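Colleague: Predicted structure and sequence below. I'll ask about it afterward.
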Amino acid sequence: MVFGSQTHNLTLVFIVLEMILLIWQLARYFYRPGDPHRGWYILLLSLLLLHNITAAFFPDPKRTLPVLLQNGRLWNGVCHGLYFPFYFHKELELVEIRRHVLIWAFICISALPDLLCDYIFHIREPGFSYQLRLYSSGCCLI
C-alpha cells in the first residue's frame, strides 16, 4: 500500500502513467485547439484519473469529510462507465451503439436509482414532477 492509503503499487503506476498521458494530451490540445477528438480523449483520461485517485483515498473514516460525501465518489465510477460507450460512439462513429448508450444512461442514472432508493413511490404524490426528476438526472450526462 502506498502513502497510507488503499492504493496498490500497480494502481500507483497507472495513476502516474495517466498523469503523463493527460499532460501530453493537454499540451497537444493547446497546440491544436481545433481538434475535437482530443477533447473527448482528455475527458476520458480525466475521469479515469479522478476515479483512480479518489478510489485510493475514499472512503476513509479518519478523514474530516463526512462518509456520505466520501461515498459520493462512487459516482465517478458510474460516470466513467457510462462515458466509455459514449466515447466509442463519438470517436469511432459507431451508430449501432447509440441506442444502447441512451438506454443504459437512462437506466443507470435515473430509473435504477429511483427503484433502489424508493423514489418511484413519490410519483403518486401530488406536486411531484417526474419530468423534473428526469431532467435533473439527464443533466449528469452533460
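Modeller: Yep, it's here.

Colleague: Just the pLDDT at the residue nearest the centre of the chain, thanks.
Modeller: Closest residue to the average C-alpha location of the chain: residue 79 at 2.2 Å, with CA atoms, centre = their mean. With respect to pLDDT, residue 79 has a value of 74.

Colleague: domain ranges for the protein?
Modeller: The chain breaks down into these structural domains: 1-93, 97-142 (assignment by automatic domain parsing).

Colleague: returning to what we had before: got the contact list for the nearest residue to the residue nearest to the centre of the chain once chain neighbours are set aside?
Modeller: If you skip the residues right next to it in sequence, residue 79 has residue 47 as its closest partner in space, 6.2 Å away by CB to CB, 6 or more residues apart in numbering. The C-beta positions use only the backbone N, C-alpha and C, and glycine is treated the same way. Counting by CB atoms under 8 Å, 6 or more residues apart in numbering, residue 47 touches 76, 79, 80, 83.

Colleague: Dihedrals phi and psi, residue 28?
Modeller: Comment: the main-chain dihedrals of residue 28 come out as phi -70, psi -30, following degrees, to the nearest 10.

Colleague: count of residues packed around it?
Modeller: Residues lying near residue 28 (other CB atoms under 10 Å) number 13.

Colleague: That one contacts residue 37, correct?
Modeller: No: using CB atoms under 8 Å, residue 28 and residue 37 do not qualify as a contacting pair, with a distance of 10.8 Å.

Colleague: circling back: ok, the contacts of residue 47 vs residue 69, which is closest?
Modeller: Checking the contacts of residue 47 against residue 69 with CB to CB, the nearest one is residue 76 at 12.6 Å.

Colleague: Buried ones in the helix or strand that contains that closest one, by neighbour count?
Modeller: Remark: residue 76 resides in helix 74-91, with elements defined by DSSP states H and E. Judged by neighbour count (16 or more other CB atoms under 10 Å), helix 74-91 contains these buried residues: 76, 77, 79, 80, 82, 83, 85, 86, 87, 89.

Colleague: just stretch 53-62 next, same as before
Modeller: Buried-residue list, stretch 53-62, by 16+ other CB under 10 Å: 53, 54, 55, 56, 57, 58, 59.

Colleague: For the protein, which segments count as helices?
Modeller: Taking DSSP state H as the criterion, the chain contains helices spanning 9-31, 36-57, 67-71, 74-91, 98-106, 112-116, 130-138.
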